[in-house]
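**Q** Here is a sequence with its predicted model. Questions after.
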Amino acid sequence: MSTASPAKKPTRATTAARPAPQSPPELQPAAADEPQDLIVRLDAALIDRDAYNARTTDTGPDDDLLASVKELGVQDAISVRPGPDGRYGAFKGWRRAQAQQAANESATADGRPVRKVPAIIRADLVGNDAMTHMLSLIENDHREPMRDRDRVKAIETLALMEVDEAQREQMARALKIKRSELRAAREASRLDDAVLRRATLQGFDLVQMAELAEVTEVRGAARDLEEAQAKDAAEDDGGRGHWDQALARLRQTKADTEARQSALKELQDADIPLRLTVVVSSPRAISLLGYLTPSATSRRPSQTCPPPRTPCPAR
């Protein structure tokens, strides 16, 4: 007869200390709100505008976008969903796709590579027109153009970076600006927001903005340069003769003003009194005489003409 004690049943604590081995987790299909996006590079010729793209006006690429895509290609992926016959409908980024299509048409003649378009293929949206339209609406509704100052400061930063000449030329072509505009961005950034916005709306390039910044303290400078630019544009010869003449006058006005202010300051610092005659040309003309000295600024100027309404003897 065996005297061995019966085996003890494992306690709850012992069972918890020995977890059962787990099998490898199985891959689960993505939930409806977590689509598995597939990013590929598509032949630009296979991309059409999706019928449920929310953007119906200004759907073509502008000159700036065309210049950028010609030089660098499409950098940000567009969103498409598969369509019939192996084609794709773009519901986000259709303007970028068109820009690449246009760039590819002239690529061979211009010696540029024919590029494909990076795209996110949303197969989960096939047949889901409502969601496609909503996503397209969000894409266009939330987009905000870069502010004028941000653009000028960004170009200024690029101009200060150490890059080789070939890359600098490529940057200028991609931004559709001249090399001289890269150098002028720093001066253009001195304009305040209101004047910068006005210059942008007027179509000033960065060189013109920099020249405006040089004379912006002169009263009416922006107006004079706008009128000069309009005259140059009307002649349609690509020149800037009216601009250069207006700019020269404004520079001379600025120089004269600075010279007068400098001379007045030197005389005041030397405590030399100044005699100033102010003549108001009007039917009530009065000639005033006064002194511009620290001790006489509050002194009432002497009257050298009879009372108003009575002509001066000199007249």
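**A** Received the coordinates, thanks. Computed from a predicted model, the values in this text were never measured in an experiment.

**Q** Would you map the helices across the stretch 101-250 of the chain?
**A** 107-110, 129-141, 148-160, 165-175, 179-188, 193-202, 206-215, 221-235, 241-269 (DSSP state H, counting those that start in this stretch).

**Q** pull the CA atoms of the shortest one into PDB?
**A** Taking only C-alpha atoms (Å, rounded to 0.1, in the frame of the first residue of the first chain), the coordinates of helix 107-110 have been written out as PDB:
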ATOM      1  CA  ALA A 107       9.800  66.800 -71.900                       C
ATOM      2  CA  THR A 108      11.500  65.100 -74.900                       C
ATOM      3  CA  ALA A 109      11.800  68.400 -76.800                       C
ATOM      4  CA  ASP A 110      13.100  70.200 -73.800                       C
END
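
**Q** Need the contact partners of that helix.
**A** Helix 107-110 has contacts (CB atoms under 8 Å, 6 or more residues apart in numbering) with Lys70, Pro113, Val114, Arg115. Where you see a C-beta, it was placed from the backbone N, CA and C, and this is true even at glycine.

**Q** one step back: among the helices of the stretch 101-250 of the chain, single out whichever gets nearest to Phe91.
**A** helix 129-141 (4.3 Å; CB to CB).

**Q** which residues of this protein score low on pLDDT?
**A** Within the chain, the stretches with pLDDT under 70 are 1-37, 144-146, 275-315.

**Q** Mind doing that once more with 50?
**A** Counting by pLDDT under 50, the chain contains low-confidence ranges at 1-17, 19, 21-33, 283-304, 315.

**Q** that older thread, and the contacts of helix 107-110, which are buried?
**A** Among the contacts of helix 107-110, those classed as buried by 16 or more other CB atoms under 10 Å are Lys70, Arg115.

**Q** and which of the contacts of helix 107-110 is nearest to Asp124?
**A** After measuring these against Asp124 - CB to CB - the closest member comes out as Arg115, at 27.1 Å.
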